[in-house]
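J.: the sequence isn't on hand, but the structure is:
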């Protein structure tokens, strides 16, 4: 008997692939089964390899993420800090100039310029002032330091801004400190 | 014949799992093969599911990464910008004070304070000044604006700092602008 013959030991071997022969009880063909087994094993291996590869890829992504996050932080600061250098230079130059200067107006102009530079850098990075003088009190953006009776203003109007607030990309960075009107007593 | 018997159609069925019987040509037992096939198919399915799950996990990680990077950027700016508000307040207060003030010394003190605040905020975020007066010229951190013959100094010494440089976390943000000594001609 050859190996071939030993692998096909009964007549069911001639049945079509699949175990059921029409009108009869199921038959199993070892040659077909062996082929199916090899295919299933190859597929199991293939899927296993794919899972492993994806997992390795994910590990790499994880490492890269940590690095990306750190770089994003660094780069954001780098650009911001870089632009602030001009503000610092301006302050230092103003200070040098103030040493020999007696004209208050000139010094004031220097400070004004520095402030303008700082405001421009901050604006460029999404910082926006909240200066609600005369506006309706908004508890999401303003902090009421005190309330004062006022007959001429609508109640809950910002009468004075003690310290400006700031937004960063529309998120509150610091609320404005304000004095708010209320209706005079007896009304 | 029962189904059981049909699935075990030859004596090799009694051989141990695996196709080779000792000392003889390989035999294949359909019952064993069928069991192995079912196991291999289950394994293929299991590995396929695992590959799918890992891939889904990676997709999530990818989305999270993009968000993490954006948040890192935002958060870094938020902290930095938040601390700069005090500097801006100080500048604005200084400007207000300068309006009524005639004493240059007092204005100068205000500017000095503002500068100190800015320097502290920058330092806190890793910004460090490069002020190499008298040091050896370092092309990695200094930019030579001109060279001047000098017999008293070693060649390549920084004779003057025209504008300070800055590092951010030990990386160069801006080189210092310097004047460098060289040996007098004829030496």
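T.: Cool, got the structure. This one's a predicted model, so the numbers in the text were calculated from it and none came from an experiment.

J.: which residues of chain A fall in strands?
T.: A:127-130, A:142-149, A:158-163, A:165-168, A:171-174, A:176-182 (DSSP state E).

J.: so which of the ones you listed comes closest to residue B:118?
T.: With CB to CB, the closest approach to residue B:118 among the strands of chain A belongs to strand A:127-130: 15.1 Å. Heads up, the C-betas are built off the backbone N, CA and C, glycines and all.

J.: buried stuff in that closest one?
T.: A:127, A:129-130 (16 or more other CB atoms under 10 Å in any protein chain shown).

J.: one more: stretch A:133-148?
T.: Here stretch A:133-148 shows A:135, A:137, A:141-142, A:144 as buried, counting by 16+ other CB under 10 Å.

J.: and the end-to-end length of it?
T.: Chord length of stretch A:133-148, first to last residue, is 14 Å (CA to CA, to the nearest Å).

J.: related to what we said a few turns ago, a markdown table for the buried residues of stretch A:133-148, including distance to residue B:98 and pLDDT?
T.: Formatted as a markdown table, these follow (distance: CB to CB, whole Å; pLDDT from 0 to 100):
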| residue | distance to residue B:98 | pLDDT |
| --- | --- | --- |
| A:135 | 28 | 97 |
| A:137 | 31 | 97 |
| A:141 | 29 | 97 |
| A:142 | 28 | 97 |
| A:144 | 30 | 97 |
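
J.: would you convert these into CSV that also reports distance to residue A:99?
T.: CSV is the format used below for the buried residues of stretch A:133-148 (distance: CB to CB, whole Å):
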residue, distance to residue A:99
A:135, 42
A:137, 45
A:141, 41
A:142, 41
A:144, 43
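
J.: so which of those is the closest to chain B?
T.: Nearest to chain B out of the buried residues of stretch A:133-148 is residue A:141 (CB to the nearest CB; 14.5 Å).

J.: pLDDT score for the nearest residue to the closest one once chain neighbours are set aside?
T.: Among residues not flanking residue A:141 along the chain, residue A:130 sits closest, at 5.3 Å (CB to CB, 6 or more residues apart in numbering or on different chains). Looking at residue A:130, its pLDDT stands at 97.

J.: enumerate every residue touching residue A:130.
T.: Applying CB atoms under 8 Å, 6 or more residues apart in numbering or on different chains, we find residue A:130 in contact with A:141-142, A:164-167, A:172, A:175-176.

J.: follow-up on the earlier one: residue A:49: which of the buried residues of strand A:127-130 is nearest?
T.: Distances from residue A:49 to the buried residues of strand A:127-130, taken by CB to CB, are shortest for residue A:127, at 51.3 Å.

J.: the closest one reaches residue A:168, doesn't it?
T.: Yes: counting by CB atoms under 8 Å, residue A:127 touches residue A:168, with 5.4 Å between them.

J.: how many other residues sit next to the residue nearest to residue A:50 when sequence neighbours are not counted?
T.: Nearest non-adjacent residue to residue A:50, counting by CB to CB, 6+ apart: residue B:51, 4.3 Å away. Per other CB atoms under 10 Å in any protein chain shown, the neighbour tally for residue B:51 reads 20.

J.: and what of residue A:121?
T.: 20.

J.: now do the contacts for it.
T.: Counting by CB under 8 Å, 6+ apart, residue A:121 has contacts A:80, A:83-84, A:86-87.

J.: quick check: the farthest pair among those?
T.: Within the contacts of residue A:121, two members stand farthest from each other by CB to CB: A:80 and A:86, at 12.0 Å.

J.: neighbour count for those two, which is higher?
T.: residue A:80 (21 against 15).

J.: let me see the contact set for that one.
T.: Residue A:80 makes contacts with A:121, A:125, B:77, B:80-81, as judged by CB under 8 Å, 6+ apart.

J.: which one of those residues is nearest residue A:115?
T.: The closest of these to residue A:115 turns out to be residue A:121 (CB to CB; 11.0 Å).

J.: skip the chain neighbours and tell me the closest residue to residue A:113.
T.: Nearest one to residue A:113, counting by CB to CB, 6+ apart, is residue A:90 at 6.4 Å.

J.: circling back to that earlier point, would you list the buried residues of strand A:127-130 in a markdown table and tack on distance to residue A:37?
T.: Output for these, formatted as a markdown table (distance: CB to CB, whole Å):
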| residue | distance to residue A:37 |
| --- | --- |
| A:127 | 68 |
| A:129 | 74 |
| A:130 | 73 |
